[in-house]
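Peer 1: Need a 3D model of the sequence below.
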Amino acid sequence: MTAALPTLMSCAFGVLVAAAALADPLLLTAAVALCILTMAMGWGELLGLPDPAGSGATVLAAGWIALLLAYLRSAQDSPLGALAGLMALCVLAAFGHELLRKDGRKNLVGSVTGTLSGEAIAVFGAGWVLLSDLPVGSDVVACTAAAAVGALAVCSTPLPSPALEGAAVLTGTVLCVLVSLFLLPGATASLALCGAGVAAAATGVDRLLRPAVRSSATQLSMAAAPVILAGTAGYVAFRVLVA
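Peer 2: Residues are numbered from 1 along each chain as shown. Prediction:
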């Protein structure tokens, strides 16, 4: 179950995001917020950080603030500007967290970089909200989520590397194309390229974090991370290739 549970949960998170987007933008925001909460709760333990509770709280705050900014500013021409400013504040927050530690600040560099990497992934979750605000955005979210789910479903298979990564990206792309044939048949070619980028990003995060899994909490955190990051990967790919 160590290999299977994160995969099942990743797929569940992806399906939840897609279903919420097709239902209502506010539900999508709530679904991504749940994913961020799940990731933050086990992030410190997943990376073996010296203050897992403090690092998790910092990651959670960054992700939820990003979602709020995206929800309030998604209709503007440059919604990523606010998120860029937030990332600058995340750097300060990561160092501020270290100043509050009372344990002698052991493993200072690892703690800062681990906390900041979690903040970055959490902020990337806001991409789902921005993506849903584009024309036919809910359908694009469903296609993007399909790419992530397809790729992550392959990640627990016993295929050797790099065949596993190639199969994951291919599966994610194919699933994205199949969903687009039903929702956005006129944009299938462009969405295939978007799907490939999203599948590659989700697969990369999964392969990076999977070896660090230690417990149920870290399994859930690792399962949520690639789904969260796929939001901004899909938003950037769609804006570059389509919109």
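
Peer 1: Which residue ranges of the chain form helices?
Peer 2: 4-23, 25-46, 52-73, 80-100, 108-124, 126-132, 137-154, 163-183, 188-209, 216-241 (DSSP state H).

Peer 1: Please identify the deepest-packed of those helices.
Peer 2: helix 126-132 (a mean of 30; mean count of other Cβ atoms under 10 Å). In short, each C-beta sits where N, CA and C put it, glycine included.

Peer 1: Can you work out which other helices and strands pack against that helix?
Peer 2: helix 4-23, helix 25-46, helix 52-73, helix 137-154, helix 216-241 (3 or more Cβ pairs under 8 Å, 6 or more residues apart in numbering; DSSP states H and E).

Peer 1: quick one: average pLDDT of stretch 229-243?
Peer 2: Averaging pLDDT along stretch 229-243 gives 86.

Peer 1: residue contacts, R101?
Peer 2: P50, D51, G54, S111 (Cβ atoms under 8 Å, 6 or more residues apart in numbering).

Peer 1: Tell me the one of the residues you listed nearest D139?
Peer 2: G54 (39.6 Å; Cβ to Cβ).

Peer 1: just to revisit the earlier point, for the helices and strands packed on helix 126-132, could you give me JSON lines that also reports distance to A187?
Peer 2: As requested, the helices and strands packed on helix 126-132 are exported to JSON lines (distance: least, Cβ to Cβ, whole Å):
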{"stretch": "helix 4-23", "distance to A187": "16"}
{"stretch": "helix 25-46", "distance to A187": "20"}
{"stretch": "helix 52-73", "distance to A187": "23"}
{"stretch": "helix 137-154", "distance to A187": "8"}
{"stretch": "helix 216-241", "distance to A187": "9"}
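
Peer 1: To A94, which of these lies closest?
Peer 2: Per Cβ to Cβ, nearest to A94 of the helices and strands packed on helix 126-132: helix 52-73, 6.7 Å.

Peer 1: Point out where this structure drops to low pLDDT.
Peer 2: 1-3, 74-77, 243 (pLDDT under 70).
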